[in-house]
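1. have a look; sequence and predicted model below, questions after that.
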Amino acid sequence: MPAWVETAVNEYQKRLPGNFQLIITEIPLAKRTKANSDIARLCETEGQALLNAVATGDYLVALDVKGKSLPTELMADKFGKLKDIGQDLALLVGGPDGLSKKCLESAQEIWSLSALTMPHTIVRIVVAEQIYRIWSVLAGHPYHRE
């Protein structure tokens, strides 16, 4: 990721308290070449790597443009309920060709950040900001204004 993305994400991460962390695990993309152009197979390989990175017991949410759009307050409510039972949330973000069918089928929910297609740089910042916003809603912090 470019330095400007890391700077933005780090800003939101450092604002979060220790009991509400944003941990990013980046999975390398499968190399795409003319000789290696089986997109479905590459997507499946990347999807399996994503699923392997998720801890057993995590509540799995796939982020996909076709997913359900949630307002911040509802998202905060879902996070709060998971936090109350001690369950971590894992958000899956696909590669340039999206998430594999297995990732979508394995997820407990599929959410959309926007109907727009966004580059990973922007998705990473939007997710970081929304995690901070969700924490602010749950904590009664004035950052979030309805």
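-> Right, received. Where do you want to start?

2. in the protein, which spans are strands?
-> 59-69, 89-93, 109-112 (DSSP state E).

3. R32 is nearest to which of those strands?
-> Of all the strands of the chain, the one in closest proximity to R32, counting by C-beta to C-beta, is strand 89-93 (17.4 Å). C-beta here means a position set from N, CA and C on the backbone, and glycine is covered the same way.

4. if we can go back for a sec, with mean neighbour count, distance to G80 and mean pLDDT added, can I get the strands of the chain in JSON lines?
-> Shown next, in JSON lines, are the strands of the chain (neighbours: other C-beta atoms under 10 Å; distance: least, C-beta to C-beta, whole Å; pLDDT from 0 to 100):
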{"stretch": "strand 59-69", "mean neighbour count": "17", "distance to G80": "12", "mean pLDDT": "95"}
{"stretch": "strand 89-93", "mean neighbour count": "20", "distance to G80": "11", "mean pLDDT": "96"}
{"stretch": "strand 109-112", "mean neighbour count": "16", "distance to G80": "15", "mean pLDDT": "96"}
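
5. so for the residue lying closest to G47 once chain neighbours are set aside, what pLDDT did the model give?
-> Closest residue to G47 apart from its sequence neighbours, by C-beta to C-beta, 6 or more residues apart in numbering: S100 at 2.7 Å. Here the pLDDT value assigned to S100 is 94.

6. equivalent analysis for Q130, please.
-> At Q130, pLDDT is 96.

7. ditto for the one 10 residues further on
-> Reading off the per-residue confidence, G140 sits at a pLDDT of 93.

8. quick one: the helices in the chain?
-> 3-15, 39-53, 72-84, 101-106, 120-139 (DSSP state H).

9. same for the lowest-mean-pLDDT helix or strand in the chain, what does it pack against?
-> Least confident helix or strand of the chain, by mean pLDDT, DSSP states H and E, is helix 39-53 with a mean of 91. The helices and strands touching helix 39-53, judged by 3 or more C-beta pairs under 8 Å, 6 or more residues apart in numbering; DSSP states H and E, are helix 101-106.
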